[in-house]
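*Asks:* return a 3D structure for these sequence lines:
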Amino acid sequence: MSIPNPRIAILGNRVPSLNLPELEHFSDLGSLLAARAFDVVLLDMPAAYAGKVLRKLRSIPPYRYTLIYCCRDQDGWCEALGDGACPVDASEIKQLWVAWQERFRLLEQGAAPERFESRVLSWLWLRGNTYVYALRDPEVPQHYRYPLLEALADNEQINAFVWLGLMVQQGWLEEGVLVDRVRLCSECGSGRLNYIDVCAECQALDISRQPSLHCFTCGHVGPQESFLKDGVLLCPNCLCRLRHIGTDYDRPMENYRCRSCQAFFVDAEVQARCLDCGLSHTPDKLRVREVRDFRLTEAGRFRCRQEFSERSVPGFGRLNLLGGKDFYDLLSWQIQIVRRYPVPTFSLIGLRFVNLSGTLSQLGEQRGHAFIDSVADRLKETVRETDRCSRSTEEFFWIMLPHTDGKGLECVKQRLSRIAELFSAPEVSDLSLRVVSITAPDDLLDQEDGQLLLARLAGELV
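*Replies:* Okay, here's the model as predicted:
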């Protein structure tokens, strides 16, 4: 069955190297939006205009997830909202679109993501290894913004930095390159700060650098000009004549003078004054924020797969999987219980589907999900209603078995061995299953909690 060519629209100038019957040219954004939505959009215009067009296209549902390429130079907006430079030929565009379309079909099988976090994770999942990019912008108080989050917000009030931190804590996103480190006002959170030197004694702003002298006879310290009288150096306090530096006087390190309190000091005190709220801080009281790019984790990619499966076809979603932190907390609680009350025991099984990611890539999205469904069916036959499951990555699957001793654990492992029968087909022959298990409290180490236990067992599965 031949794959149809994508419908491609060019906004701006024509691209002479692309000669496709499906290609249509539009000179302005209004005419593009008036037509039926296209599969791929090419923006042949300067980066400043392309960025504005991308902001508009990503904010409306028909082009929220569409592949959009920039044919000329790219600025930060293009990098954050687009899909990169325009491919050199039409066949490459088709290949990229086919790969994207396989994933998008899964999205279409259920309702469109309604929650903000689902829209962002879906956008990243459709593109594989891409990032939520930070963009430097002097117009915003924090100096940086995240264009993708703003475009997908649908008029929701989103604090981008707080939301990204929450996604990292939940394990859906991970930190990428450190772009910058900014300091913000502790009162209003603005990064518009003016660093000023003030008097170390009274914090007055009116200070000046002024050379001073120190009389050894009486210890008086004052401005150099007050020691000058009729062309000679004379201490204004004790009236002794100062002839030799190092013997009669010296120049102290205090070179700053406050015009308000007349104090002399070595170094001025530095204060950061917020230009938005006017509050002054010492630099150590400012909030320090690291600005980074973010990308989807393996757990985040699995969450997208699971979410689509729950909306369309049966899959791992039927196993009532717990998130990473919830599973760690539940496992730690069980460990505390069996250490205090050894009976009844519980067991834990770890499964690693070696080379699962590579196998799914070879099978493609549709066949890959069909295979996942068959694995989920076998797991469903093994897992009881009282058991709890979790997946820390695409390959690692955990089953906690309450009230299960060593003998019961062996029975469960025998049933799990049926999963390996699914790996006999040639297209999944590179896939293998590794199993590790423990029974608590006998197999626990001292001071071991849920997270440390999973880390130890995961090491045995590598």
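*Asks:* list the contacts for the nearest residue to Val120 once chain neighbours are set aside?
*Replies:* Closest residue in space to Val120, ignoring its immediate chain neighbours: Leu152 at 5.6 Å, by CB to CB, 6 or more residues apart in numbering. Glycine gets a C-beta too; all of them are placed from N, C-alpha and C. With contacts taken as CB atoms under 8 Å, 6 or more residues apart in numbering, Leu152 has the following neighbours: 58-59, 64, 116, 119-120, 123.
*Asks:* name the nearest of those residues relative to Ala35.
*Replies:* Closest approach between those and Ala35, by CB to CB: Arg64, at 16.9 Å.
*Asks:* find the nearest non-adjacent residue to that closest one, please.
*Replies:* Arg64's closest residue in space is Arg58 (CB to CB, 6+ apart), at 6.0 Å.
*Asks:* what's the separation between that neighbour and Val40?
*Replies:* When CB to CB, to the nearest Å is the yardstick, Arg58 and Val40 sit 15 Å from each other.
*Asks:* comparing these two, which shows the higher neighbour count?
*Replies:* Per other CB atoms under 10 Å, whichever of Arg58 and Val40 has more neighbours is Val40, with 26 against 22.
*Asks:* hmm, the more buried one is touching Thr66, no?
*Replies:* Yes: using CB atoms under 8 Å as the test, Val40 is close enough to Thr66 to be in contact (7.1 Å).
*Asks:* what about the protein, any weak spots by pLDDT?
*Replies:* 1-3, 14-22, 108-113, 253-254, 306-321, 323, 364-366, 369-370, 373 (pLDDT under 70).
*Asks:* so Ser280 touches Leu286, yeah?
*Replies:* No: in terms of CB under 8 Å, Ser280 does not count as a neighbour of Leu286; the distance is 10.9 Å.
*Asks:* which residues are in contact with both of the two?
*Replies:* Common neighbours of Ser280 and Leu286, using CB under 8 Å, 6+ apart, are Ala272.
*Asks:* contact partners for Val412?
*Replies:* Here Val412 is in contact with 347, 349, 382, 399, 401, 404 (criterion: CB under 8 Å, 6+ apart).
*Asks:* quick check: bridge partners of Gly12?
*Replies:* Asp44 (DSSP bridges).
*Asks:* what kind of secondary structure is Gly176 in?
*Replies:* Judged by DSSP: H, G, I helix; E, B strand; the rest coil, the three-state class of Gly176 is strand.
*Asks:* identify the residue nearest it in space, chain neighbours excluded?
*Replies:* Beyond its immediate neighbours in the sequence, the residue positioned closest to Gly176 (CB to CB, 6+ apart) is Asp293, lying 3.9 Å away.
*Asks:* surely that neighbour forms part of a strand?
*Replies:* Yes: according to three-state DSSP, Asp293 belongs to a strand.
*Asks:* pretty sure Pro87 contacts Ile93?
*Replies:* Yes: using CB under 8 Å, Pro87 makes contact with Ile93 at a distance of 5.0 Å.
*Asks:* which residues are in contact with each of those two?
*Replies:* With the criterion set as CB under 8 Å, 6+ apart, the overlap between the contacts of Pro87 and Ile93 is Tyr69.
*Asks:* in three-state terms, label Ala48 for me.
*Replies:* Here Ala48 is helix, with the state taken from three-state DSSP.
*Asks:* what about it, how many residues close to it?
*Replies:* Other residues within reach of Ala48, judged by other CB under 10 Å, total 11.
*Asks:* right, and it touches Asp75 too?
*Replies:* Yes: counting by CB under 8 Å, Asp75 is a contact partner of Ala48 at 6.6 Å.
*Asks:* for the spatially closest residue to Cys274 that is not a sequence neighbour, what are its contacts?
*Replies:* Once flanking residues are discounted, Cys274 sits nearest to Cys185: 4.0 Å by CB to CB, 6+ apart. If a contact means CB under 8 Å, 6+ apart, then Cys185 has 191, 193, 272, 274, 276-277, 279, 281, 286-287 as its contacts.
*Asks:* can you map out the strands along the stretch 101-250 of the chain?
*Replies:* Assigned by DSSP state E, counting those that start in this stretch, the strands in the stretch 101-250 of the chain fall at 131-132, 135-136, 144-145, 173-184, 193-198, 207-209, 212-215, 221-223, 228-229, 232-233, 249-250.
*Asks:* packing partners of the third one?
*Replies:* Read that as strand 144-145. When contacts are defined as 3 or more CB pairs under 8 Å, 6 or more residues apart in numbering; DSSP states H and E, strand 144-145 packs onto strand 135-136, strand 173-184.
*Asks:* out of the contacts of Val412, list just those in strands.
*Replies:* Counting by DSSP state E, the members of the contacts of Val412 that fall within strands are 347, 349, 399, 401.
*Asks:* beta partners for the first one?
*Replies:* Per DSSP bridges, the residues bridged to Ser347 are Leu401, Thr439.
*Asks:* right, and it touches Lys407 too?
*Replies:* No: using CB under 8 Å, Ser347 is not in contact with Lys407, being 10.0 Å away.
*Asks:* check contacts around the residue nearest to Glu156 when sequence neighbours are not counted.
*Replies:* Taking CB to CB, 6+ apart as the measure, Glu156 lies nearest to Phe116, with 5.6 Å between them; neighbours along the chain are not counted. When contacts are counted by CB under 8 Å, 6+ apart, Phe116 is found next to 152-154, 156, 158, 163.
*Asks:* what do you get for Ala47?
*Replies:* The contact partners of Ala47, by CB under 8 Å, 6+ apart, come to 70, 72-75, 77-78.
*Asks:* out of these, who's the most crowded?
*Replies:* Cys70 (28 neighbours).
*Asks:* going on from the helix of greatest length in the chain, what's the next piece of helix or strand?
*Replies:* Across the chain, the longest stretch assigned as helix under DSSP state H is helix 356-382. Tracing the chain C-terminally past helix 356-382 and defining elements by DSSP states H and E, one meets strand 388-390 next.
*Asks:* distance of Leu67 from Leu42?
*Replies:* Following CB to CB, the distance that separates Leu67 from Leu42 is 9 Å.
*Asks:* what sits closest to Ala174 if chain neighbours are left out?
*Replies:* Just to correct that, residue 174 is Glu rather than Ala. In space, not counting the residues next to it along the chain, Glu174 is nearest to Thr297; the distance is 4.7 Å by CB to CB, 6+ apart.
*Asks:* what helix or strand is Arg434 located in?
*Replies:* Secondary structure assigned from DSSP H and E places Arg434 in strand 432-440.
*Asks:* re the thing from before, where's the residue nearest to Arg64 relative to Ser122, distance?
*Replies:* Spatial separation of Arg58 from Ser122 under the definition CB to CB is 13 Å.
*Asks:* around the nearest residue to His143 once chain neighbours are set aside, how many other residues sit close by?
*Replies:* Sequence neighbours aside, Gly191 is the residue nearest to His143 in space, at 4.6 Å (criterion: CB to CB, 6+ apart). Look at Gly191: counted by other CB under 10 Å, it has 20 neighbours.
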